[in-house]
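>>> Please find the sequence and the predicted model below.
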Amino acid sequence: MAVRAYDIHTDEKFPGSVASRILSDGIESRLNLYVRAEKGYTYGCYGTFQPNRHAGVFNVTVDTNPDTTQPCIEAIFKVLNDMRQENVTDKELTEAKTRVACSMALSMQTISQQAGMRTDGILN
């Protein structure tokens, strides 16, 4: 499932990047803790903001058995609603910020990756 989100030119991309990490990064992420570990609907569940030039998208992906599709979607919406209504813990915020910074460094290891980042910077 996906919904329209902010574009790359807005400051919302920064909290969106952190929110993506809290929702999706690692086994202890909110989606994986509930949808995978507690409910057992999937091996992995990911919710990410992907800003683009003119419009972005918020995307949630999961692989689940057809028999558990409806309860899996309901579980995803529960996590998203909880995220909207509850405060993020200090631990979640610290870990998410660290993952954002580290992923940026790791995404520039090769000449090809550096060229892609440079191209994105020029185009956007």
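Done, it's in.

>>> Please name the nearest non-neighbouring residue to Thr10.
Pro51 (7.5 Å; CB to CB, 6 or more residues apart in numbering). Yep, even glycine has a C-beta here, placed from its N, CA and C like the rest.

>>> Assess the claim that the one you found and Arg4 are in contact.
No - with contact defined as CB atoms under 8 Å, Pro51 does not reach Arg4; the gap is 11.0 Å.

>>> So which of these two has more stuff around it?
Set Pro51 next to Arg4 and count neighbours by other CB atoms under 10 Å: Pro51 wins out with 20 against 9.

>>> Give the bridge partners for Val62, please.
Cys45 (DSSP bridges).

>>> contacting residues for it?
Counting by CB atoms under 8 Å, 6 or more residues apart in numbering, Val62 touches Val35, Tyr41, Thr42, Gly44, Cys45, Tyr46, Cys72, Ile76.

>>> rewinding a little: next one: the residue nearest to Thr10 relative to Glu74, how far apart?
In this view, Pro51 and Glu74 are 27 Å apart by CB to CB, to the nearest Å.

>>> cool, and Arg30?
From Arg30 to Glu74 the distance is 15 Å (CB to CB).

>>> tell me the average confidence for the host helix or strand of Thr94?
Element membership of Thr94, judged by DSSP states H and E, is helix 90-106. The pLDDT scores in helix 90-106 average 87.

>>> One more: stretch 114-124?
86.

>>> Dump the C-alpha coordinates for it into PDB.
Taking C-alpha atoms only, stretch 114-124 is exported to PDB below (Å, rounded to 0.1, in the frame of the first residue of the first chain):
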ATOM      1  CA  GLN A 114      28.900   9.200  -5.200                       C
ATOM      2  CA  ALA A 115      28.000  10.000  -8.800                       C
ATOM      3  CA  GLY A 116      24.400   9.100  -8.100                       C
ATOM      4  CA  MET A 117      24.300  11.400  -5.000                       C
ATOM      5  CA  ARG A 118      25.900  14.200  -7.000                       C
ATOM      6  CA  THR A 119      23.400  13.800  -9.800                       C
ATOM      7  CA  ASP A 120      20.500  13.800  -7.400                       C
ATOM      8  CA  GLY A 121      21.900  17.000  -5.800                       C
ATOM      9  CA  ILE A 122      22.200  18.700  -9.200                       C
ATOM     10  CA  LEU A 123      18.700  17.700 -10.400                       C
ATOM     11  CA  ASN A 124      17.000  18.500  -7.200                       C
END
